[in-house]
Structure formats: C-alpha cells, structure tokens
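**Student:** Generate coordinates for the sequence data below:
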Amino acid sequence: MPWYIPAVGLGIFGFGSTALGNVCVVYLLDSYRDVIGDASIGVVFVRNAFGTLTAMCLSPWIEKMGLYNMCTLSGCLCIAVSLLTVPMMIWGRRCREWTAARYLAMA
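**Tutor:** Predicted coordinates for the structure are as follows:
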C-alpha cells in the first residue's frame, strides 16, 4: 500500500472529527440562542469523549484491522457522518418546529 492512501484517510478523519464539532456549535448558535450555554456543554462533552476514545482505541484498532483498513473505515465513517448535514438542511426546520415547545420551556 502506498504511503499516501493512509495519509489521505487520516486527513479525512482529522478534518471530519474537527469540522463536525465546529458545525454543531455553529448550528446551536444559529438555532438555539437562548439555551446555548446548556447545549454547548453537551457538544463539548461529546467532542472530548470522541477525542479520548480515539486516542485510547487507535493503536488496538490498527493492530486488529491493519493500517489500510482502519484508515479506509475511519475516512468513510467521517464522510458518512458529514453527509448527515444534507438531511438537516432539508428537514431541519421541521425538526426545530417539532421541538419548539420543549425549547421554549427550557429558555
């Protein structure tokens, strides 16, 4: 396997894991301004838990699957999760309308 294939996979993984946390924070700022403090705690917790689990599980993951398969799978997972923004663009307003009563109760 050429060296650039795992490098591209790890690059996609790094970009995806960083970008997803930032996209979540921006979405919260735009959509849920009145409860941003409480909501950002959840986003930061999930982002830090993801980073911790990645650091703890990366070496055993490489040993079990091999570097090529691990990089391919992690890159595909990040792309798949990033593509979840498309349904949010299509049905996001409907989801916010559906949860508006709970949002107003928390705000």
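**Student:** Please report how far the residue nearest to Tyr32 when sequence neighbours are not counted lies from Val23.
**Tutor:** Residue nearest to Tyr32 in three dimensions, not counting chain neighbours: Ala39, with 5.5 Å by CB to CB, 6 or more residues apart in numbering. For the C-beta atoms, the positions are set from N, CA and C on the backbone; glycine is no exception. Here Ala39 is placed at a distance of 14 Å from Val23 (CB to CB, to the nearest Å).
**Student:** Val86 now?
**Tutor:** Distance from Val86 to Val23, by CB to CB: 12 Å.
**Student:** out of the two, which sits in the busier spot?
**Tutor:** Comparing Val86 with Val23 by other CB atoms under 10 Å, the one with more neighbours is Val23, at 15 against 9.
**Student:** State the distance from the nearest residue to the more buried one once chain neighbours are set aside to Tyr27.
**Tutor:** Spatially, and ignoring its direct neighbours in sequence, Val23 is nearest to Thr85 (6.9 Å; CB to CB, 6+ apart). Going from Thr85 to Tyr27 by CB to CB gives 9 Å.
**Student:** Lovely, talk soon.
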